[in-house]
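Colleague: Requesting a structural model of the entry that follows:
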Amino acid sequence: MAKKVVIVGAGPSGILLAHYLLRRDQDYQVEIYEQRNDPRSITLSKSRTFPLVINQRGITALSNIKGLLEILKSASIESTGSLNHEKNGKTQLIPRNQPIYILDRTQLVIMLLETLTAKYNSDRLNIYFENQCNVVDFEAKTVIFSNVVNADDTTNVTVNYDLLIGADGARSQVREQFISTDEFEVEQKYVPLAYKSIFLPADSVTSLKPGYIHNWRGSDGIAAILVHRIDGSLSGTVNFPRENNPIENFSTTEEVSQFFSDQFPEIAQILPESEAEAFLNRPISSIITIRCNRYHHRDSVLLIGDAAHATSPSLGQGCNASFEDVAFFDKLLDEYSDDIAKAIAQFSLRRKPDAHALVELSDNAYPLSGKLLFLEFFIRLRSAQILHQLFPKYFSPSFLQLLSETTVPYSEILNIYKNWIAKVKRANEKFLYN
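Modeller: You can find the predicted model right below:
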């Protein structure tokens, strides 16, 4: 008899999990529910989503589904390193031994959706957009969704499941239902940094080389990151301390332009007035991190991705860790012959150390302030790269290489670089709270 899997959230991890489940010999029937509109109905030119970086962890997970990696590469910008821009116009290159792939989140979701729906018909797969998860009854194994037809007409539908997957992000409704269960603990914290998105048209960014992640560091914890999109434009974020930030009180485009001139002269030179105005009116976004003491409930509910372990985007690991969750769960289903109860319990037990380590790494890998500490960071990075290349048996890869060019568990990386992480954590806390 088919096992009915209900996935809440049609983001990258939820859709990739559907790919994995439906390719298994075991007969799974999958239903996906998403509160947003179908992204395939929005043209790319009108899409203003944030960029994602897919590294070796994500590549490994995608490679297990035939054709996905090739489609990803065709829709992405291949990056071979990062360029750190200084105010004097000089740049520092951090090269990569293996490329990473950059694309908009919307592009990634569309790619995964189109390949999924091309393979499976409604006998095994159904996807419902504009459906908000409202109530989960763990005892009855049912979920109530609200289908918003229009502003004046909301229809509720009750759905039963054999396995419920919460893939609905950092503010997961499925995880909220865990709070009422026994011995569940969750830590939700706002990252001390906030951000605003920025978009630069293709005709204004010819001075910035494609194929690199472009980084700028301003004063007082302010930074900017920009990457090329497939259409030649640039997108990214301007990051700043969440408390007492310099941006929230801007009221004119002149103030925006002056801010970029002071902090990021190179960006100021290519910032159109239209984007300065859009930046002024764009909301400030906050980032929340999540740590849970378990990711499953009893024998039939599992959290994955940001719903289980949302993290700061500073290391570009969020989507990759979510994809890794999917591949990890698939291996557990193999190990326990599709015994869902055993697989989800083991997911909590085995995945939690790496998920918690990732939050710690992302929060404390980069110093927010201090020239000497930044200099030490780059010296450590380059010396580790060189020593590992010369003597691979005796020296570990650099911190960033381990993160993005290998699938070494996050807990092992934290253990290797625990002294550096502790040092940065102390410095960042002193900068933010003293």
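Colleague: Strands of the stretch 151-300 of the chain, start to end?
Modeller: For the stretch 151-300 of the chain, the strands defined by DSSP state E, counting those that start in this stretch cover 153-160, 163-166, 186-200, 212-217, 223-228, 234-241, 285-292, 296-297.
Colleague: Name every strand pairing with the first one and say which way it goes.
Modeller: Next to strand 153-160 in the sheet, as set by DSSP bridges, lie strand 142-150 (antiparallel).
Colleague: related to what we said a few turns ago, which one of the strands of the stretch 151-300 of the chain lies nearest to residue 84?
Modeller: strand 212-217 (4.8 Å; CB to CB). (Glycine included, C-beta is placed from N, CA and C.)
Colleague: Looks like residue 104 contacts residue 52 (just checking).
Modeller: Yes. Judged on CB atoms under 8 Å, residue 104 makes contact with residue 52 at a distance of 7.2 Å.
Colleague: Extract the CA atoms of stretch 62-71 and return them as PDB.
Modeller: Only the C-alpha atoms of stretch 62-71 are listed here, as PDB (Å, rounded to 0.1, in the frame of the first residue of the first chain):
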ATOM      1  CA  LEU A  62      21.600  17.100  -6.700                       C
ATOM      2  CA  SER A  63      23.900  14.600  -8.500                       C
ATOM      3  CA  ASN A  64      21.900  11.700  -7.100                       C
ATOM      4  CA  ILE A  65      18.900  12.700  -9.300                       C
ATOM      5  CA  LYS A  66      19.600  12.200 -13.000                       C
ATOM      6  CA  GLY A  67      19.800  15.500 -14.900                       C
ATOM      7  CA  LEU A  68      19.400  17.900 -12.100                       C
ATOM      8  CA  LEU A  69      23.000  19.000 -11.900                       C
ATOM      9  CA  GLU A  70      23.300  19.600 -15.600                       C
ATOM     10  CA  ILE A  71      20.200  21.800 -15.500                       C
END
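Colleague: residues making contact with that stretch?
Modeller: Contact with stretch 62-71 is made by 16, 19-20, 23, 54, 59, 72, 111-112, 115, 323, 327, 330, as judged by CB atoms under 8 Å, 6 or more residues apart in numbering.
Colleague: Enumerate the positions of that stretch that are buried.
Modeller: 62, 64-65, 68-69 (16 or more other CB atoms under 10 Å).
Colleague: Could you say which of the strands of the stretch 151-300 of the chain is packed most deeply?
Modeller: Highest mean neighbour count of the strands of the stretch 151-300 of the chain: strand 163-166, a mean of 26 (counted as mean count of other CB atoms under 10 Å).
Colleague: I'd like to know which elements the helix or strand hosting residue 353 is packed against.
Modeller: Taking DSSP states H and E as the definition, one finds residue 353 inside helix 340-364. In this structure, helix 340-364 packs against strand 285-292, strand 296-297, strand 301-303, helix 306-309, helix 318-335, helix 410-416, helix 418-433, with contacts taken as 3 or more CB pairs under 8 Å, 6 or more residues apart in numbering; DSSP states H and E.
Colleague: which of the contacts of stretch 62-71 count as buried?
Modeller: Buried subset of the contacts of stretch 62-71 (neighbour count, 16+ other CB under 10 Å): 16, 19-20, 54, 59, 72, 111-112, 115, 323, 327, 330.
Colleague: Out of the residues you listed, which is nearest to residue 154?
Modeller: Checking these against residue 154 by CB to CB gives residue 112 as the nearest, at 28.3 Å.
Colleague: In this structure residue 226 contacts residue 210, no?
Modeller: No. Using CB under 8 Å as the test, residue 226 is too far from residue 210 to be in contact (11.0 Å).
Colleague: follow-up on the earlier one: so can I have a markdown table of the helices and strands packed on helix 340-364 showing distance to residue 230 and mean pLDDT?
Modeller: Output for the helices and strands packed on helix 340-364, formatted as a markdown table (distance: least, CB to CB, whole Å; pLDDT from 0 to 100):
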| stretch | distance to residue 230 | mean pLDDT |
| --- | --- | --- |
| strand 285-292 | 23 | 95 |
| strand 296-297 | 38 | 98 |
| strand 301-303 | 32 | 98 |
| helix 306-309 | 24 | 98 |
| helix 318-335 | 17 | 98 |
| helix 410-416 | 29 | 97 |
| helix 418-433 | 34 | 89 |
